[in-house]
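Enquirer: 3D model of this:
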Amino acid sequence: MVFSRLFFIYVFLPVCLLCYALAKGTKHKNTVLIFFSLIFYAWGEPVYIFLMLATAAVNYVCALLIGKYQGKRGDTAATVFAVVYDLLMLGIFKYSGFIVENINALFSSSIPVPDIRLPIGISFYTFQTISYIIDCHWEKVKPQKSFKNFLLYLALVPQLVAGPIVRYSKIEKEIAQRTIELRDVSYGLNRVALGLAKKVLLANQLSLIVDSFLGNIGSSTVAGAWYGAIAYGLQIYFDFSGYSDIAIGLGRVFGFHFDENFNHPFICKDITEFWQRWHISLSTFFRDYVLYIPIFGKRRKYGGLFLVWLCTGIWHGASWNYVLWGLYYGIFILIEMLIGKKRLKKVPVVIRHIYSKFVIIIGFAIFYFEDIGKLGTFFKTAFGFGRNGFIAVQDKISVVNNLFLLAAAVICCFPLIKTIGNATDKHFVSKATVSSAAAVASALLLIITSILLVDATTNPFLYFRF
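Expert: Below you'll find the model as predicted:
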């Protein structure tokens with residue numbers, strides 16, 4: 001099931017909210033959420049729901065053992081077992097085919113390549129269980145004694161499929177006891193409407209440009225290649241941040257406060273800042289759990305950095321372009337570390353913006369092309385070594401036809417809502433007026449989005465496949 005489907009918006013979600021509202025007490029509300037979360041997941045993965053349940057059971061038991069043998073060998077053994085199990089499951093289902101393909105290519109062997117369908121959400125819920133187990137081992141949180149409550153943490157419908165990666169410590173208290181006020185429901189539903197609008201009105205429309213120019217890179221011009229890469233960057237931003245908006249909004253409706261996953265990343269002035277604003281839950285996961293892993297017995301500053309970015313690339317997919325993409329960003333982060341924040345700030349802001357956007361656009365191109373040959377074609381084309389010239393009539397026509405879409409996408413990269421909120425506060429506009437305006441705007445967005453979804457074919461969120 002996908003958030004951006006009319007069935008979810010007008011059938012599944014209203015029924016879930018009604019049952020949740022009728023349930024009395026946190027325990028019964030948790031039962032309702034678990035029930036609907038499992039239905040939501042089983043709708044698209046009827047078989048792999050058992051894998052998710054098995055993962056929940058293994059990590060639940062291991063966490064209890066960690067708590068029982070805290071500071072002893074049993075603690076370490078349970079931690080290692082849980083983390084190895086989680087990574088093994090992720091490796092089997094996500095990377096086994098890729099590994100076998102590369103072994104065959106390297107050794108000219110003919111090992112059958114396993115054709116395993118990637119379970120939806122496995123990359124996200126695996127990292128949630130790992131963070132939970134390690135936090136239990138580090139005594140940052142206490143093991144959850146109720147399997148039902150732990151399953152709720154892992155399978156909670158808003159963030160189950162494509163994040164954000166929610167830390168157990170963030171919602172530990174809210175699992176046991178939470179209160180929901182009218183302003184939470186209002187904020188949450190407004191956020192859901194905003195996320196749907198990002199997905200349907202912007203990301204889905206930008207995908208048409210991407211398919212035309214990057215999808216046919218062999219026939220693109222220099223301008224077309226850059227145009228397609230920019231459109232893809234905007235598409236994936238609005239697609240993934242839109243999903244995060246929906247997840248955070250639904251979480252708020254149910255009484256959970258998730259951390260933000262995006263913070264207007266394109267206003268960054270350097271690559272380090274970009275990754276402080278983009279997919280925050282993933283970057284902070286690697287920072288907290290991978291960066292300081294000892295390499296050859298010691299914590300190594302630069303070695304840890306490249307390990308983080310290698311893992312970041314691999315996490316995104318079983319293809320060499322993702323490995324290249326991760327190391328590509330690792331190099332620029334390293335360069336900025338060597339330059340230093342003080343010296344970097346002395347560079348004119350305009351130059352820093354141009355530099356960061358150039359690096360980011362190239363990064364999105366690397367991310368897009370899983371076929372290395374086509375990636376090479378992109379670089380040849382983008383830097384003037386292609387055979388189709390600098391610009392063509394179809395490039396100009398596409399820009400003109402999509403001018404309002406492109407302008408809206410660029411404008412929406414800026415913190416408009418925050419700016420408007422600050423402006424209304426300064427002019428002493430009443431909260432009731434602001435809330436009413438937000439509700440009207442959200443309703444209009446929902447109506448427009450629903451109309452566009454009536455005849456829409458399946459267009460899942462991009463991060464479902466990561």
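Enquirer: Return the helix or strand in this protein with minimum mean pLDDT.
Expert: Using mean pLDDT, DSSP states H and E, helix 416-426 stands out as the lowest-scoring helix or strand of the chain, at a mean of 73.
Enquirer: Provide the contact partners of it at residue level.
Expert: Helix 416-426 has contacts (C-beta atoms under 8 Å, 6 or more residues apart in numbering) with 433-434. C-beta coordinates here come from the backbone N, C-alpha and C atoms, glycine included.
Enquirer: same deal with stretch 31-49?
Expert: Taking C-beta under 8 Å, 6+ apart as the rule, stretch 31-49 contacts 1-2, 12, 16, 19-20, 23, 52, 117, 119-122, 148, 151-152, 155-157, 160-161, 254.
Enquirer: could I get it in CSV with only the CA atoms?
Expert: Extracted in CSV, the C-alpha atoms of stretch 31-49 (Å, rounded to 0.1, in the frame of the first residue of the first chain):
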residue,chain,number,x,y,z
THR,A,31,-3.3,-2.6,19.6
VAL,A,32,-5.2,-0.7,16.9
LEU,A,33,-1.9,0.7,15.5
ILE,A,34,-0.2,-2.6,15.4
PHE,A,35,-3.2,-4.2,13.7
PHE,A,36,-3.4,-1.6,11.0
SER,A,37,0.4,-1.4,10.6
LEU,A,38,0.6,-5.1,9.9
ILE,A,39,-2.3,-4.9,7.4
PHE,A,40,-0.6,-1.9,5.7
TYR,A,41,2.7,-3.9,5.4
ALA,A,42,1.0,-7.2,4.4
TRP,A,43,-0.9,-5.4,1.7
GLY,A,44,2.2,-5.1,-0.4
GLU,A,45,4.3,-7.8,1.2
PRO,A,46,2.1,-10.7,2.4
VAL,A,47,5.0,-13.1,2.6
TYR,A,48,7.8,-10.8,3.9
ILE,A,49,5.7,-9.7,6.8
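Enquirer: gap between it and the chain center?
Expert: 20 Å (C-alpha atoms, centre = their mean, to the nearest Å).
Enquirer: How about stretch 265-283?
Expert: That offset, for stretch 265-283, works out to 13 Å (C-alpha atoms, centre = their mean).
Enquirer: for it, which positions count as buried?
Expert: 265-266, 268-275, 277-283 (16 or more other C-beta atoms under 10 Å).
Enquirer: how close does A441 get to N263?
Expert: Noted for A441: a distance of 21 Å to N263, by C-beta to C-beta, to the nearest Å.
Enquirer: and if you look at C412?
Expert: For C412, the distance to N263 - C-beta to C-beta - is 14 Å.
Enquirer: These two: which is more packed in?
Expert: C412 (21 against 15; other C-beta atoms under 10 Å).
Enquirer: That one: what's it in contact with?
Expert: Counting by C-beta under 8 Å, 6+ apart, the residues that C412 touches are 198, 202, 238.
Enquirer: For the helix or strand hosting the last one, what is the distance to the chain centroid?
Expert: Which is F238. F238 is part of helix 222-253, with elements assigned from DSSP states H and E. Relative to the chain's own centre, helix 222-253 is displaced by 10 Å; criterion: C-alpha atoms, centre = their mean.
Enquirer: what element comes up after it heading to the C-terminus?
Expert: Counting by DSSP H and E, what follows helix 222-253 is helix 271-277.
Enquirer: ok, residues contacting that following helix?
Expert: 262-265, 267-268, 283, 329, 332-333, 336-337, 356, 359-360.
Enquirer: Apply 7 Å and report the result again.
Expert: 262-265, 268, 283, 329, 332-333, 336, 356, 359-360 (C-beta atoms under 7 Å, 6 or more residues apart in numbering).
Enquirer: and the two most separated of these?
Expert: Greatest spatial distance among these (C-beta to C-beta): F262 and E336, at 20.7 Å.
Enquirer: quick one: which of the contacts of C412 is most hemmed in?
Expert: Neighbour max across those (other C-beta under 10 Å) = F238, 28 neighbours.
Enquirer: From I246, how far off is L6?
Expert: In terms of C-beta to C-beta, L6 sits 14 Å off from I246.
Enquirer: same deal with S398?
Expert: On the measure of C-beta to C-beta, S398 and I246 end up 29 Å apart.
Enquirer: Counting neighbours, go ahead and name the busier of those two.
Expert: Ranked by neighbour count (other C-beta under 10 Å), S398 and I246 place I246 first, with 26 against 20.
Enquirer: Quick check: the more buried one touching F3?
Expert: Yes: here I246 reaches F3: they are 4.9 Å apart, a contact under C-beta atoms under 7 Å.
Enquirer: quick one on the thing from earlier: just the buried residues of the least confident helix or strand of the chain, please?
Expert: Of the residues in helix 416-426, none is buried (16+ other C-beta under 10 Å).
Enquirer: and if you look at stretch 121-128?
Expert: Result for stretch 121-128 [16+ other C-beta under 10 Å]: buried residues 121-128.
Enquirer: Okay, and which of those map to helices?
Expert: Here DSSP state H is the test, and these give 122-128 as lying in helices.
Enquirer: related to what we said a few turns ago, nearest to G71 among the contacts of helix 271-277?
Expert: Minimum distance to G71 across those is 30.4 Å, recorded for S283 (C-beta to C-beta).
Enquirer: got the angle between the following helix or strand past the least confident helix or strand of the chain and helix 222-253?
Expert: Of the helices and strands lying after helix 416-426 in sequence (DSSP H and E), the nearest is helix 431-453. Here helix 431-453 runs at an angle of 120 degrees relative to helix 222-253 (axes from the mean of the first three to the mean of the last three C-alpha atoms, to 10 degrees).
Enquirer: Which other helices and strands does helix 431-453 contact?
Expert: For helix 431-453, the elements it packs on are helix 182-197, judged by 3 or more C-beta pairs under 7 Å, 6 or more residues apart in numbering; DSSP states H and E.
Enquirer: Strands of this structure, residue ranges please.
Expert: Using DSSP state E, the chain contains no strands.
Enquirer: and it, what are its domains?
Expert: Domain segmentation of the chain under automatic domain parsing yields 6-178, 183-465.
Enquirer: Scan this structure for its longest helix.
Expert: helix 73-107.
Enquirer: chain center to that helix: distance?
Expert: 22 Å.
Enquirer: Stretch 140-156 now?
Expert: For stretch 140-156 - counting by C-alpha atoms, centre = their mean - the centre lies 22 Å from the chain centre.
Enquirer: one step back: give me the angle between the least confident helix or strand of the chain and helix 182-197.
Expert: Going by the same axes, to 10 degrees, helix 416-426 makes 140 degrees with helix 182-197.
Enquirer: Tell me how many other residues crowd the closest residue to L156 other than its chain neighbours.
Expert: Spatial nearest neighbour of L156, chain neighbours left out: S37 (5.9 Å); criterion: C-beta to C-beta, 6 or more residues apart in numbering. When neighbours are counted by other C-beta under 10 Å, S37 registers 20.
Enquirer: From M52, how far out is S37?
Expert: 10 Å.
Enquirer: now swap in V349 and tell me
Expert: 46 Å.
Enquirer: V113 now?
Expert: Distance from V113 to M52, by C-beta to C-beta: 25 Å.
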